[in-house]
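**Student:** Got a sequence here, can you model it:
(2 chains)
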Amino acid sequence: MIDHDTLVAFSKSYGLFYLMAMAITVVAYTFWPSNKERFEEAAKSIIDDEDMPCR
Amino acid sequence: MISELTRGERRLALAVLTAVATFGLALAIAGRGDILAVHGGLIMASAVILMFFVIAGFYAPEPGEERLAQYYDTPTKAGVVLAMIWGVIGMGVGDWVAWLLVYPDMTFDAAWASFGRLRPVHTSGVIFGFGGNALIATSFHVLQRTSRARLPDQFSPWFVLVGYNLFCLIAASGYLLGITQSKEYAEPEWYADLWLVVVWVVYFSIYLRTLMRRQEPHIYVANWYYMAFILVVAILHIVNNLAVPISFGSAKSYSAFSGVQDAMTQWWYGHNAVAFFLTAGFLGMMYYYLPKRAGRPVFSYRMSILGFWGITFMYMWAGSHHLHYTALPQWVQTLGMTFSIMLIVPSWMAAANALLTLNGAWHKVRDDATLRFMMLAAVFYGLSTFEGSFMSIRAVNSLSHYTDWTVGHVHAGALGWVALITFGSIYAVVPWVWKRPAMYSNKLVEVHFWLSLAGTLVYVFAMWNSGIIQGLMWRTYNEGGTLAYSFIDSLVAMRPYYIARAIGGLLFAIGAVVGLYNVWMTIREASAERADEPDAPVVPALARSLQAGE
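**Tutor:** This is a model prediction of the structure:
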């Protein structure tokens, strides 16, 4: 039977590890060297004026 | 508008409207003798009126293939106008209830004019009517530009926009009639909630279908924020509104939750409505329109990504700070407080990113009131997220909770951040989509800017003073160990601040009226110019010289 204490123990342990794993993944993705160019390109591309969709 | 739909889409529109009208009729019949019948009738009448429009344009010529070489901006145009109209209504009613607190007898002995019924018209009017329409309108615009792809079809954006406004209409009219499920920012009853789920699923599908056809390798970060807004609001809305109606013929329902679980679910919803409706969506707006208007790429794209994941993950846990010193277990309260404090990091990342993007373009901020709207929005975003983290600390909350300080904080965010970034974005997007060099009057944009700033400052300072005095009066004991002030003493002390707040709100609402007028005149200019165009095609100078050379 799942009671309050079981749920608390689960969220306190699993919650901590999943948050840490999440943080590491995001930081790795953000600073991955091969992503640098793609990000800079994306930031610049919206400034260029264009008035028609690319088909 | 109907002429932009293909023949098949017109048929689909009629079929959908028939289904909605039938649904409305069924509600009206099942709910006869109940207040639900009014809403059934309203739904049916709305659908029937729209059917007339579709039928009137049914045999208009079909749009040609050349439409696919252009972005589809008509829903964006309609959404911008609707947002400004809802803004004037929502802010107007907001100022009305502010005066109602100064003159509590101003209810004409009518139930609909009581504070409890008018206040949700204000909150839903500004959050969902004004903010929601602005988010839908700008998201369609940003999505197409950043994907370099046209919306997938012509019918579904209209379904989302019209369906969403029907929801807003049911919500606002229901409050005046006394229909509410008493959950803050989730007041509409079960049938309105179900309808919003349908609309929202279509909204998300438009996003996915357009992104699938995108011509850019990377999905620009503004779309991440817009998608988080759509997806998470769907989850929050469905879970918090789980309820069982008394019968299909009754507007009343009972929540699936009770007691402290109900409180926790409601504030998990409530604070994430702040996070994903009022923050993530508007950050999407900021990350597109601010760099675009300043003509400079965002200062750090990486920071915008880190901030995105920080905001989406940490906000999820922050809701319990609304329930300090309640029956909620102490550790859940502490968890909410901890995540709220940590939230300062991604929040300030976004605010700093916006301001650093402008660093080097301050002359543009000085000269361009539109950009200044966005700059000030980023400043207020930084201020109110700092204040929010501070207020979530349990000891601070013991002073601030249930006082006007909370109201001041909410409005620092809602006026200073949400409304200012929206007005800035609308002033940027209106000339673009209506193909005008600028707004009708830059002077009026300037007037609107200063009215907004003055209104926000007066409002927020009044509520800070009021809230702290109120909090202190409620916790002051005399030598005998009993409370020094009665509740009515604190009300009397609030009165001057309530007058100041109502004046600040009035300034802000007048600004919105000025904005609506300016948008309207820009549209009129655009249509007048089209009417002035000569009947024959204009031969560009370049083409003419080529002909001469041939």
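**Student:** Spell out, range by range, the strands that occur in the stretch 151-300 of chain B.
**Tutor:** B:243-245, B:253-255 (DSSP state E, counting those that start in this stretch).
**Student:** Redo these as JSON lines? Include distance to residue B:286 and mean neighbour count.
**Tutor:** Every residue, glycine included, has its C-beta placed from N, CA and C. Putting the strands of the stretch 151-300 of chain B into JSON lines (distance: least, CB to CB, whole Å; neighbours: other CB atoms under 10 Å in any protein chain shown) gives the following:
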{"stretch": "strand B:243-245", "distance to residue B:286": "35", "mean neighbour count": "14"}
{"stretch": "strand B:253-255", "distance to residue B:286": "35", "mean neighbour count": "16"}
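**Student:** Apart from its chain neighbours, what residue comes closest to residue B:2?
**Tutor:** Among residues not flanking residue B:2 along the chain, residue B:57 sits closest, at 2.9 Å (CB to CB, 6 or more residues apart in numbering or on different chains).
**Student:** could you dump the strands of the stretch 151-300 of chain B to JSON lines with distance to chain A and mean pLDDT?
**Tutor:** Shown next, in JSON lines, are the strands of the stretch 151-300 of chain B (distance: least, CB to the nearest CB, whole Å; pLDDT from 0 to 100):
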{"stretch": "strand B:243-245", "distance to chain A": "24", "mean pLDDT": "97"}
{"stretch": "strand B:253-255", "distance to chain A": "21", "mean pLDDT": "96"}
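**Student:** Longest helix in the chain, by number of residues?
**Tutor:** Because you didn't say which chain, this covers chain A. Using DSSP state H, we find that the single longest helix of chain A is helix A:4-31.
**Student:** looking at chain B here, not the other one
**Tutor:** helix B:487-532.
**Student:** same for it, what does it pack against?
**Tutor:** Other helices and strands packing on helix B:487-532, by 3 or more CB pairs under 8 Å, 6 or more residues apart in numbering or on different chains; DSSP states H and E, are helix B:74-102, helix B:420-433, helix B:442-474.
**Student:** Double-check residue B:485 against residue B:473; I have them as touching.
**Tutor:** Yes. With contact defined as CB atoms under 8 Å, residue B:485 counts as touching residue B:473 (4.5 Å).
**Student:** ok, back up a step: okay, buried residues for the longest helix of chain A please.
**Tutor:** Within helix A:4-31, the residues scored as buried using 16 or more other CB atoms under 10 Å in any protein chain shown are A:26, A:30.
**Student:** Beyond it, next helix or strand please.
**Tutor:** Later in the chain than helix A:4-31, the nearest helix or strand by DSSP states H and E is helix A:36-45.
**Student:** do you know how far the closest residue in space to residue B:493 that isn't next to it in sequence is from chain A?
**Tutor:** The spatially closest residue to residue B:493, leaving aside those adjacent along the chain, is residue B:469, at 5.7 Å (CB to CB, 6+ apart). Plainly put, residue B:469 is 39 Å away from chain A if you go by CB to the nearest CB, to the nearest Å.
**Student:** Share the number of residues neighbouring residue B:469, please.
**Tutor:** Neighbours of residue B:469 under the rule other CB atoms under 10 Å in any protein chain shown: 17.
**Student:** again, but for residue B:31
**Tutor:** Neighbour count for residue B:31, taken as other CB under 10 Å: 21.
**Student:** Surely it is in contact with residue B:249?
**Tutor:** Yes. Using CB under 8 Å, residue B:31 is in contact with residue B:249, at 4.8 Å.
**Student:** Look up the pLDDT of residue A:49 for me, please.
**Tutor:** With respect to pLDDT, residue A:49 scores 64.
**Student:** same thing with residue A:18?
**Tutor:** In this prediction, residue A:18 carries a pLDDT score of 88.
**Student:** And for the one 10 residues further on?
**Tutor:** Here the pLDDT value assigned to residue A:28 is 97.
**Student:** how near is it to residue B:117?
**Tutor:** To residue B:117, residue A:28 is 52 Å away according to CB to CB, to the nearest Å.
**Student:** Having no further points to raise, I will conclude here.
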